[in-house]
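S.K.: What follows is a predicted structure for the sequence shown.
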Amino acid sequence: MNISVFKFEFRRHLRSVWNWALASAAILFVFFAFFNTLSEQAALMNEVLAQFPEELLRAFGMSQLNFASVLGYFSLVYLFIQLFLAIQAGNIGFGLVSIEESELTADFLLTKPVSRRVVLTSKLLAALAALLLTNLLVWPASWGAVMLFRAQQSFEMSKLLLLFLALPLFQLFFLGVGLLVSLMVKRVRSVTPYSLGLAFGAYVLNAFGSVVGDVSMELLTPFKHFDAGAIVQRGGLDAKLVLPNLAFSLLCIAVSYVLYLRRDIHAVS
Amino acid sequence: MGIIEVRNLTKFYGKSRGIVDVSFDVQEGEIFGFIGPNGAGKSTTIRLLLSLIHPTKGRATVFGKDVTTHGPEIRKDIGYLPSEVYYYEGMKVLDLLKYSASFYEGDSTDRMKELADVMELELNRRISDLSYGNKKKVGIVQGLLHSPKLLFLDEPTAGLDPLMQRKFFDLIRAENARGVTVFFSSHILGEVQRLCTRVGIIREGKMVEISDIKSLQQSNYKKVSLSAPTLDSSALLLPGVSNLVQENGSLNFFYKGDINAVLRALAGLQLSDVAIEAPTLEEIFMHYYE
């Protein structure tokens, strides 16, 4: 690893860290502010929800939710946080090396006496550090929102921690896939369409899979692998889903190394 | 042993040609000019030597090390000034230069200040606020601050005003006097003529001539101009004659070879005027491209 590249890259990600951590905290607090009211009228709420078609509820991941419980309610907000953090990780993944080419700074960096492997390793470690920092901000914000608005209800802290720890693993998928795709296309002009596409695509795949009850399709998306409702119910991660997911993320990164080492950095034209 | 040794280096981008079978050597301490029009393969060659792109065929060594396997090691002693300079827009000049310096061993702060002074570069400005010419100055300082042993300059003067160009050339000459080898790519002949000792001419991806700049200009080629009321050009169809143009009682051609042969041919003609002179580099250059 090259410490200069790491520091430079990490600093570059800081804005993304603040923005997404803040957005996550905001949505957490706004949602949880209603928890008290909603949980008191949980019976009424569940009645209202029962009016909706079952497919619709499944699409929004609300079919197994229990609004009356802290963790049930948290699972709903968790989905939004997952979406935010998926976009963040996707942004970083798609931009990790492609940004040097779209902003034409690749010539500068790659004519320095560092190997591409060192460049990519430094960039990846900086990205992981940034994602981890985001988590270190989102976790206490989540905990704070829960404690502040839980209305004296008790909940299992261990399950909440489990949900927290699932977040960085979940993000790794979007980082890895983003990086790999960015190295497979000729040029990434703007990362946002890619990362939004990947995050919402994975989300919709999960929602759609739930609606039609197609299990094979669900298996493709990390939103299923790290489904909050299921994690809370089991009290643990499902190794059958999570391990293949992790293996896939790591495979994406490994292939990215191969592609990056062989990549031609074209002249500005 | 040459500082740069290139053997049958070939690069295709898919099906489109980059360079084909290019071979040449650059010796330690020389300023090697690399001329050719846009798209001839100058940048491709430099990018191959910097391992920014990978060769399709052939090999190249710099400092005796293979560029595909020893890239990082080679680049320790290389300075590179690209034709188009782009840096991290949000950064200040000073921060960029420090970032650049951090990749090399040793402290180059003094050298950086000195170079910025010479090139009249303000270190506290933001890269995004700089004009094209000023960005180029950043490029020059960034390419030189670690005191490299080999410099790659890819059309370096574009965007610099004449005064700065002169300062830049003085800087390059001073570096060269310290023993730095310079690989200077350009399509402007005047500057190559001013600076370089040897020159390679590249055309459509192929090296067409490698020659000492003086011999290229003086001994090899003669420009012959004849005037006569009636002329039969068939007498001049000798080996070594090229670019023969006949119009309105005058005839011009280039000649390369034994000067006595052409003089004997001329002796048999009825002429009103004759001039035999060394062609300008411009003319030689055009000759290669026609």
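M.R.: Yep, it's here.
S.K.: only C-alpha atoms for contact and neighbour calcs from this point on.
M.R.: Will do.
S.K.: What backbone torsions are found at residue 182?
M.R.: In the absence of a named chain, chain A is used. Dihedral angles of A:S182 (phi, psi; degrees, to the nearest 10) stand at phi -60, psi -30.
S.K.: The chain in question should be chain B.
M.R.: Per degrees, to the nearest 10, the backbone of B:V182 is at phi -120, psi 130.
S.K.: What segments of chain B are helices?
M.R.: B:42-49, B:71-75, B:93-101, B:109-118, B:132-144, B:162-177, B:189-195, B:213-217, B:259-267, B:281-289 (DSSP state H).
S.K.: So what's the model's average confidence on the second one?
M.R.: In other words, helix B:71-75. Averaged across helix B:71-75, pLDDT comes to 93.
S.K.: which residues touch that helix?
M.R.: The contact list for helix B:71-75, computed with Cα atoms under 8 Å, 6 or more residues apart in numbering or on different chains, reads A:T111, A:K112, A:P113, A:V114, A:S115, B:L50, B:S51, B:V62, B:F63, B:K65, B:V67.
S.K.: sec struct for A:G236, please.
M.R.: coil (DSSP: H, G, I helix; E, B strand; the rest coil).
S.K.: Flag every residue of the stretch 101-250 of chain B that's near chain A.
M.R.: B:S102, B:F103, B:Y104 (Cα under 8 Å from any Cα of the partner chain).
S.K.: Now do residue 236: how many residues are near it, please.
M.R.: Going with chain A. By other Cα atoms under 10 Å in any protein chain shown, the residues close to A:G236 number 14.
S.K.: wrong one, I was asking about chain B
M.R.: Neighbour number of B:L236 under other Cα under 10 Å is 16.
S.K.: Over to B:I284?
M.R.: B:I284: 17 neighbours (other Cα under 10 Å).
S.K.: Grab the most central residue of chain A for me.
M.R.: A:A86 (2.9 Å; Cα atoms, centre = their mean).
S.K.: Distance check, that one against chain B.
M.R.: Counting by Cα to the nearest Cα, to the nearest Å, the gap between A:A86 and chain B amounts to 26 Å.
S.K.: what do you get for A:N19?
M.R.: A:N19 sits at a distance of 18 Å from chain B (criterion: Cα to the nearest Cα).
S.K.: where does chain A have low pLDDT?
M.R.: A:59-67, A:213-214, A:218, A:268-269 (pLDDT under 70).
S.K.: Kindly report the residues of it close to chain B.
M.R.: Residues of chain A lying close to chain B (Cα under 8 Å from any Cα) are A:4, A:103-105, A:107-108, A:110-115, A:262-268.
S.K.: Tell me which of those residues fall in helices.
M.R.: Per DSSP H, those map to helices at A:S4, A:D107, A:F108, A:L110, A:R262.
S.K.: Show the contacting residues for the residue in the stretch 151-269 of chain A that chain B sits nearest to.
M.R.: Chain B sits closest to A:D264 of the stretch 151-269 of chain A, with a gap of 4.3 Å, by Cα to the nearest Cα. Neighbouring residues of A:D264 by Cα under 8 Å, 6+ apart: B:L52, B:I53, B:H54.
S.K.: Break chain B down into its structural domains.
M.R.: With domains defined by automatic domain parsing, chain B comprises B:4-216, B:220-289.
S.K.: Most tightly packed of those?
M.R.: Neighbour counts (mean count of other Cα atoms under 10 Å in any protein chain shown) averaged over each of those peak at domain B:4-216, with a mean of 19.
S.K.: if we can go back for a sec, of the ones in helices among the residues of chain A next to chain B, buried ones?
M.R.: A:S4, A:D107, A:F108, A:L110 (16 or more other Cα atoms under 10 Å in any protein chain shown).
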